[in-house]
Structures are given as structure tokens and as C-alpha cells.
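Peer 1: predicted model follows, preceded by the sequence.
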Amino acid sequence: MLNIIMCGAPGSGKGTQSQLMVNKYRLAHLSTGDLLRHEVATGSELGRMIESYTSKGNLIPDELMVSILAKHIDSLPSDTPGLILDGFPRTVAQAEALEQMLTQRGTQTDLLIDLDVAHDELIGRLLNRGKTSGRSDDNIDTIRTRLQVYEQQTRPVSDFYKKRGKQVLINGMGSVDDIFGRICACVDAL
Ligand code: AMP
């Protein structure tokens, strides 16, 4: 299996680049943000609980997130060639849980791609997305919290994989195609 983590701040282009990767490498796309928004849209009690975190820009608790993700990994066909993890792990505890989960399945993370985008550009992209996304978290106050949460809780995840020689920092500024080209060069070299 080829397992790739797409990491980067909110607005760094994880979702866009993950979709291109899925099309090119035929990997299964697991976007935890999408999974959570789907649960919220059902109006379930779990969805309401999730929304109390996501609407403020905070992460949902690790245990809950890991159990939701594990259920989805378990439901994938056994011949799945690999995973694109988009928005997970976002804490070191999630990274540890992920590696345990993958080890139990006889596999591991091959690469974490960290998309590097300037702070002002991130805010501009997210505000712009907010005009059409309908996402309750694409507003300036929540964006600020999400960027802070990213620095405090998610940046250490990139370091976790860097220490293991499995992280690559990619310049996430420029055209979607140029960024995708940089990513493919790293994946093809694996
Ligand atoms: P995203 O679409 O990836 O920006 O995620 C939207 C929101 O969902 C985040 O701001 C968090 O509130 C929540 N979320 C997504 N992924 C995770 C995760 N791995 N751990 C905890 N919360 C998450």
C-alpha cells in the first residue's frame, strides 16, 4: 500500500491536491473534515456534538476522531492500493494512533506532504472560499482560531514524521498545477 498524509494549514490546498492525487494514483481519499461535515449534515446527536467543536474552529477530541477514522479504514475494500489522508492526523496523539492502526494492518505511512503557504495568503484563500463554501467555519474569527490550532497542535505532527525521515515540505504557493507537479515529483521518487 502507498499511504500518504496531506498536511498543511487550513487553506493550504490539501483538499484540492488530495483530489488530484486520488485521480492520478487511484488511492482512497479519507478527508476527516468531509466525514465530520457529513455527520453534522445528518442532524444526529453525534453530529451536533461534532459541530460544537468545528463551528468554533477547535479540533474534535482525539479518541472520537480516531474511532470515526478507524471505522472508515475498516470499511475499505481489501485490495485498496493505498490511502490519502487529508486533514488527519492533526495531533501527535492521532499520529501515534494512526501508525498503530496501520501497523495492525501490515502497512505504514510512506510520506507526509506538508504544504507550505504564507499566513496572509491562507487568510485570503479561506475568506474567498467562505463566499461560496457555505462552511460555518470560513469566517475571520474562526479562521484565526483554526490557524492558531494548526500552529499549536498540528505543526508537531509534521515534525513527528520529519524525525522519522518521512516528511517533505512543499512550496504551496503558485498555480494548482505547479504545486501538483512538485508533489508528484516526491511521490514518484518513493
Ligand atoms: P477541514 O475540512 O480539514 O479543514 O476540517 C474542518 C474541521 O473539522 C476542523 O477545523 C476541525 O474542527 C474538524 N477536524 C477535521 N479533521 C480533524 C481531525 N483530524 N481531528 C480533529 N478535528 C478535525
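Peer 2: Now that the structure is in, tell me what you want to look at. Here the structure is a predicted model, which is why all the values come from computation and not from measurement.

Peer 1: near the ligand, which residues of the chain show up?
Peer 2: By Cβ under 6 Å from any ligand atom, the part of the chain that sits against the ligand consists of 10, 32-33, 36, 53-54, 57-60, 65, 87-88, 90, 94, 137, 146. Where you see a C-beta, it was placed from the backbone N, CA and C, and this is true even at glycine.

Peer 1: how about the helices in the chain?
Peer 2: All helices of the chain, identified by DSSP state H, fall at 14-25, 32-41, 45-54, 62-74, 92-104, 119-133, 140-149, 155-163, 176-188.

Peer 1: can you put these in a markdown table and add mean pLDDT and mean neighbour count?
Peer 2: Converted to a markdown table, the helices of the chain look like this (pLDDT from 0 to 100; neighbours: other Cβ atoms under 10 Å):
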| stretch | mean pLDDT | mean neighbour count |
| --- | --- | --- |
| helix 14-25 | 96 | 17 |
| helix 32-41 | 96 | 17 |
| helix 45-54 | 97 | 15 |
| helix 62-74 | 95 | 15 |
| helix 92-104 | 96 | 16 |
| helix 119-133 | 94 | 14 |
| helix 140-149 | 96 | 16 |
| helix 155-163 | 98 | 16 |
| helix 176-188 | 98 | 14 |
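
Peer 1: between those, which one is closest to Ile5.
Peer 2: For the helices of the chain, the distance to Ile5 is smallest for helix 155-163, at 7.2 Å, taking Cβ to Cβ.

Peer 1: list the contacts for Ala118?
Peer 2: Met173 (Cβ atoms under 8 Å, 6 or more residues apart in numbering).

Peer 1: quick one, phi psi at it?
Peer 2: phi -60, psi 140 (degrees, to the nearest 10).

Peer 1: who's in contact with Phe160?
Peer 2: Here Phe160 is in contact with Val92, Ala95 (criterion: Cβ under 8 Å, 6+ apart).

Peer 1: against Asp114, how distant is it?
Peer 2: Look at Phe160 and Asp114: by Cβ to Cβ, to the nearest Å, they are 11 Å apart.

Peer 1: closest residue of the protein to the ligand?
Peer 2: For the chain, the residue closest to the ligand is Gly33, as judged by Cβ to the nearest ligand atom, at 2.0 Å.

Peer 1: who's in contact with that residue?
Peer 2: Gly33 neighbours (Cβ under 8 Å, 6+ apart): Gly15, Asp86, Gly87.

Peer 1: how about 10 Å then?
Peer 2: Counting by Cβ atoms under 10 Å, 6 or more residues apart in numbering, Gly33 makes contact with Pro10, Lys14, Gly15, Thr54, Asp86, Gly87, Phe88, Arg90, Arg135, Asp137.

Peer 1: of the residues you listed, buried ones?
Peer 2: Pro10, Lys14, Gly15, Thr54, Asp86, Gly87, Phe88, Arg90, Asp137 (16 or more other Cβ atoms under 10 Å).
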